[in-house]
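> predicted model and sequence follow; I will ask about them next.
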Amino acid sequence: MFVDGDGDDNGARGLNEAQRAAVTASPDRPLLIIAGAGTGKTRTLTARAAWLVEQGCQPERLLLLTFTRRAAREMLARLPAGSAGRQSARASGGTFHSVAYRLLRRHSAVLGLGDGVTVIDGSDVADLIDLVRDELGLSRSGRRVARKATLAEIYSRTLNLQRPLSEVLGLHYPWCAERAAEIGTLFRELTARKRASALLDYDDLLLYWQAAMADPGLAETIAADFDHVLVDEYQDVNSLQVSIVEALHRAGVGVSAVGDDMQAIYGFRAASREHILEFPARFAGTELVTLERNYRSSQSLLDLANQVAAEASESFRRRLVSSTAGSARPELIVSHDESDEAARVVECVLGHHECGVALREQAVLMRAGHHSALLELELSRRNIPFVKYGGIRYLEAAHIKDFLALARASLHPGDQVSWFRVLQLFDGVGPATAKRLLPELREPLAESLVALDLALPVNVRPAWQRFRVELANALGPGDTAARAAWLGRALAPLVELNYADAAARLEDLEALVAAAGGANDLQTFIDELVLDQPQSTSEVGKPKLDEDYLVLSTIHSAKGLEWTIVHLLRTTDGSLPADMALSSPEGVEEERRLFYVALTRARRNLYLYAPRRYHFRPVGDEHGYARISRFLSDEAQRLLVRREPKLLAPESAGRGGRTVTPALDHLWD
DNA sequence: GTTGGCTCGATTTTT
DNA sequence: TCGAGCCAAC
C-alpha cells in the first residue's frame, strides 16, 4: 500500500512546471492548488512547506491540517525538519480535530473548560441523547421523535452547517420537521449536559476552536504561533472549518490549500465542495494552480475516469493526462450474483498473485462495509490473509465502550453518561436503579463507591464490592500501566457476565489495557483513541508487520491511497450509486465522485464487478436484478473490456441453486 | 424494576 | 441478519 504521491525527495527538483509554480507561489497571497487524482498532491504540498522554510519560515511555525490521521502522519513525516543543529524543530499539524484538541487543552482556562475535558464520539452522543430524550418524556410509546442515531446526525449536521435547525430539518429530515420544537428543546438540554460534564464531541472541538478564533484577543494568541497554514483535502471542509481557516488568515497567517473538487465525498458530514469552488472569492488575491499530469495510472484507466468526470455537473474542468506506460483496459466483470462475484474476485486476486503481484499491491474497494461480507467468508475459507478498513468501527464494540466508560467514570465521577453505562453492567441493575444512583457518585470517588454499597439492591452487593475494591486500586497512586491494569481487572468479570462471546472480548480488553499502559496518562490515551480511531480491528494489539495481506476497504477509507491492482465490488445501481443517495441530484453527484475516487486508486489494472442478481438480505432467497451502474454510460462502457458470466460453477451455486437439508423429522415422534 | 422473548423494520460513508 | 422496542412474567 502506498500513499498519494511518490516517495521521491522533496525539493523543488524533479517537479513539473505546474507543481513548481504552486510550490514557489508568493507566501503573501492565498494559494489554491487544484490537484487531480495522482498528480503529486502530497509531494507538492510538502515541497511547498520545504520552500517556505527555505524562504525563512521556521518549521514549527507551519501548521498542517488534514482530515485523516493517516494523511497527517504521512505528511508530517515528509515535512522539513529544522535545518542542521535544530533537529527537534518540526512542523506542527494533524487532523482538524486533533489540532483543535491540543489548542483547547492549552487554552482551556480562557475557554472555561477547566482541565477535565473528555472527548466523546458520535455513538456516545447518541447514548446521551437517549438519556436526555427519556428524561424529557420524548421516548414514550408513540411519542418517540426519531431514532437516537438520527438525532445525533441532525445535531451534528446543524452545527456543522451553521444553519438554523428548522432549515436543516426541512431540507434533510422533512419527516422530523413537525417535531422541530421538541427536537430543539432536546438539543438545548443535550448541550447543557455536555457542558456540565465537560464532554466534548467531535463537533464541539471545531466549535470551540471557532469560538476561540472569534475572540480577537484569543485569535491573536493562537495565530501568533504560526506563519503559514497548509490545508489538505480542502474539498472536504465544512463551514466551521472554513471559518477557522479564514480567521487564521485574517489574523495574519498565510494560507495554502490543496484539493480536488471531483473528490468531494463527505457531504454527509456537512462538507461541501462549494467551499473549494468559492475559495478564490473568499480569499482575496488567490493564486490558483491546477495540476493535471498524473503520475499514477495508465492512460486507459484515466480515460475512463475522465469520462466519468466529464459527465458530472460543474467542476473545475480538467483532464488527467498520464505519464505512465502500460495500457491494460479496465474490465467489467459481470457475474450471476454476490457469491459468484466473491468467487471471481478471489480467482482474479490469486491469478495476479501467481504472476508476482503481492497481495498488498491489490485492494478490494466497496461502497459500503457490508458489501464484502461474502468475500470475507471466502477469503477466510481459503486462508487468504486480509485486513479490512472502514465498516464496523472498533469503538462501536460494546466492550470497548464499556472500558472507555469505566475509564472516564474513574477520572470524572460526575460523568453521568459513563456511570449510567457502567452501572447497568451489573446483573440486577437496569436503567431505573442506575439513574437513581447517579447523584451518589461524586468526588471523592473512593468514598462514594463505598457509600453505594447500601444504596444497591442486596443481590447486587457482592459483585459490586469486588468491583469497587479493584476500581479503588485504579484510583490510587501508581503509574498509568498499573492503573489501566486495575481498570481491566475490575471490568473483566462484568464483560464475562454480559457477553456470550466473552472470550474474544476479554482478549480485546487485554490488548486495550496493554496499550493504555504504554501511554503517558489515561485521559490523553482515551481522548486520542477517540480522535484517532483504529482504522481496522487488527490494528489494536495484533500487528501484522511483514505479512502479505489483501486490503479490503470502503471507498471513503481508501481516499489518498493507491494500489497496482484495484477490484471494485457492486458496480450496480443501488449499490453504487447507493439507493439511499438517490433522493437528491446532489446525492447522486456525490456518488459519482465516489466512483471517480475508486477508479483513480488503481495504477495498472482495474476490475469492476457487477453481480446481476442481488439478495435483499444476507440470508434467504429473496432477490432482485440489478442494473449496471448508471455511471457506466455507453461512452464509458466503450472504454471497458466486458466479461460475461461463465456457466455457473458448482462451487458458487450455493444459495441460488440446489440446497441439501438433513432430514430430522423422524426424530421427533 | 429487571429481564427475556418476541416482532418488526431497516440496512452508507467518518472525524 | 441484527438491533431496537414492546410486552409479559418474575
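Looks like it arrived, so ask away.

> can you give me the pLDDT of residue A:62?
pLDDT, residue A:62: 92.

> go ahead and confirm it touches residue A:76.
No - applying CB atoms under 8 Å as the test, residue A:62 and residue A:76 come out as separate, 10.1 Å apart. Quick note: C-beta positions are derived from backbone N, CA and C, even for glycine.

> higher neighbour count, these two?
residue A:62 (26 against 17; other CB atoms under 10 Å).

> now the more buried one: closest residue in space, sequence neighbours ignored.
residue A:91 (4.1 Å; CB to CB, 6 or more residues apart in numbering).

> give me the phi and psi angles of residue A:553.
For residue A:553, the backbone dihedrals (degrees, to the nearest 10) come out as phi -150, psi 150.

> what pLDDT does it get?
pLDDT, residue A:553: 89.

> so it sits right up against residue A:369, yeah?
No - between residue A:553 and residue A:369 there is no contact under CB under 8 Å: 9.4 Å.

> looking at those two, which is more packed in?
The neighbour count for residue A:553 versus residue A:369, taken as other CB under 10 Å, is higher for residue A:553 (27 against 18).

> state the pLDDT value of the closest residue to the more buried one other than its chain neighbours.
Nearest non-adjacent residue to residue A:553, counting by CB to CB, 6+ apart: residue A:389, 4.1 Å away. On pLDDT, residue A:389 comes in at 79.

> I'd say residue A:389 and residue A:558 touch.
Yes - counting by CB under 8 Å, residue A:389 does reach residue A:558; the two are 7.3 Å apart.

> circling back: separation between the residue nearest to residue A:553 and residue A:433?
40 Å (CB to CB, to the nearest Å).

> okay, those two: which has more neighbours?
Higher neighbour count among residue A:389 and residue A:433: residue A:389, with 23 against 16, using other CB under 10 Å.

> tally of neighbours for residue A:166?
14.

> state the helix or strand in which it lies.
helix A:165-172 (DSSP states H and E).

> centre of the chain to that helix, how far?
Centre-to-centre, helix A:165-172 and its host chain are 25 Å apart (CA atoms, centre = their mean, to the nearest Å).

> so how far is DNA strand C from residue A:509?
According to CB to the nearest atom of the strand, to the nearest Å, residue A:509 and DNA strand C sit 18 Å apart.

> which residues are in contact with the host helix or strand of residue A:592?
Using DSSP H and E, residue A:592 maps to helix A:585-599. For helix A:585-599, the surrounding residues in contact (CB atoms under 8 Å, 6 or more residues apart in numbering) are A:37, A:262-265, A:267, A:301, A:304-305, A:308-309, A:311-313, A:330, A:365, A:367, A:555-556, A:558-559, A:566, A:568, A:571, A:576-578, A:580-582, A:606, A:629, A:631.

> and it, C-alpha only, in CSV?
Output of helix A:585-599 as CSV, limited to C-alpha atoms (Å, rounded to 0.1, in the frame of the first residue of the first chain):
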residue,chain,number,x,y,z
PRO,A,585,-29.4,15.3,-7.5
GLU,A,586,-26.6,16.4,-5.2
GLY,A,587,-26.7,12.9,-3.6
VAL,A,588,-26.2,11.2,-7.0
GLU,A,589,-23.4,13.6,-7.9
GLU,A,590,-21.6,12.8,-4.7
GLU,A,591,-21.9,9.1,-5.6
ARG,A,592,-20.4,9.8,-8.9
ARG,A,593,-17.4,11.4,-7.3
LEU,A,594,-17.1,8.4,-5.0
PHE,A,595,-17.0,6.2,-8.1
TYR,A,596,-14.3,8.5,-9.5
VAL,A,597,-12.2,8.2,-6.4
ALA,A,598,-12.4,4.4,-6.6
LEU,A,599,-11.4,4.4,-10.2
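
> just the mean pLDDT for it, thanks.
91.

> what is whatever helix or strand comes next after that helix packed up against?
Downstream of helix A:585-599, the next assigned helix or strand under DSSP H and E is strand A:602-611. Packing partners of strand A:602-611 (3 or more CB pairs under 8 Å, 6 or more residues apart in numbering; DSSP states H and E): strand A:293-298, helix A:299-310, strand A:331-335, helix A:338-354, strand A:561-568.

> which neighbours do residue A:553 and residue A:369 share?
Contacts common to residue A:553 and residue A:369, judged by CB under 8 Å, 6+ apart, are A:388, A:390.

> list the contacts of stretch A:341-350.
A:333, A:335, A:359, A:362, A:364, A:374-375, A:377-379, A:382, A:384, A:550, A:567, A:569-570, A:607, A:609, A:611, A:649, A:651-652.

> who in the stretch 101-250 of chain A is up against DNA strand B?
Selection of the stretch 101-250 of chain A residues close to DNA strand B by CB under 7 Å from any atom of the strand yields A:121-122, A:202.

> how about those residues in JSON lines, adding secondary structure?
Converted to JSON lines, those look like this (DSSP: H, G, I helix; E, B strand; the rest coil):
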{"residue": "A:121", "secondary structure": "coil"}
{"residue": "A:122", "secondary structure": "helix"}
{"residue": "A:202", "secondary structure": "helix"}
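
> in PyMOL, how would I select just the buried ones from the residues you listed?
The following PyMOL line selects those of these that are buried, judged by 16 or more other CB atoms under 10 Å:
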select buried, chain A and resi 121+122+202
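
> where is pLDDT lowest across the residues of the stretch 101-250 of chain A next to DNA strand B?
residue A:122 (84).

> quick check: the gap between that one and residue A:148.
Counting by CB to CB, the gap from residue A:122 to residue A:148 is 11 Å.

> repeat for residue A:632
38 Å.

> next one: residue A:187
13 Å.

> more crowded one of those two?
Legend: neighbour count by other CB under 10 Å for residue A:187 and residue A:148, higher for residue A:148 (21 against 18).

> that one and residue A:124 touch, don't they?
No - applying CB under 8 Å, one finds residue A:148 not in contact with residue A:124, separated by 11.1 Å.

> residue A:329 contacts residue A:638, doesn't it?
No - distance between residue A:329 and residue A:638: 10.0 Å, which falls outside the contact criterion (CB under 8 Å).

> of those two, give the one with the bigger neighbour count.
Under the criterion of other CB under 10 Å, the comparison of residue A:329 against residue A:638 puts residue A:329 first, with 15 against 12.

> which element is that one on?
Here residue A:329 is assigned to no helix or strand, by DSSP H and E.

> which residues touch it?
Counting by CB under 8 Å, 6+ apart, residue A:329 touches A:300, A:639-641.

> only the buried subset of those residues, as a ChimeraX command please.
Buried residues within the contacts of residue A:329, by 16+ other CB under 10 Å, are selected in ChimeraX with:
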select /A:300,639,640
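
> ok, so of the contacts of residue A:329, who is nearest DNA strand C?
residue A:640 (33.4 Å; CB to the nearest atom of the strand).

> wait, doesn't that closest one sit right on residue A:332?
Yes - at 4.6 Å, residue A:640 counts as touching residue A:332 under the criterion of CB under 8 Å.
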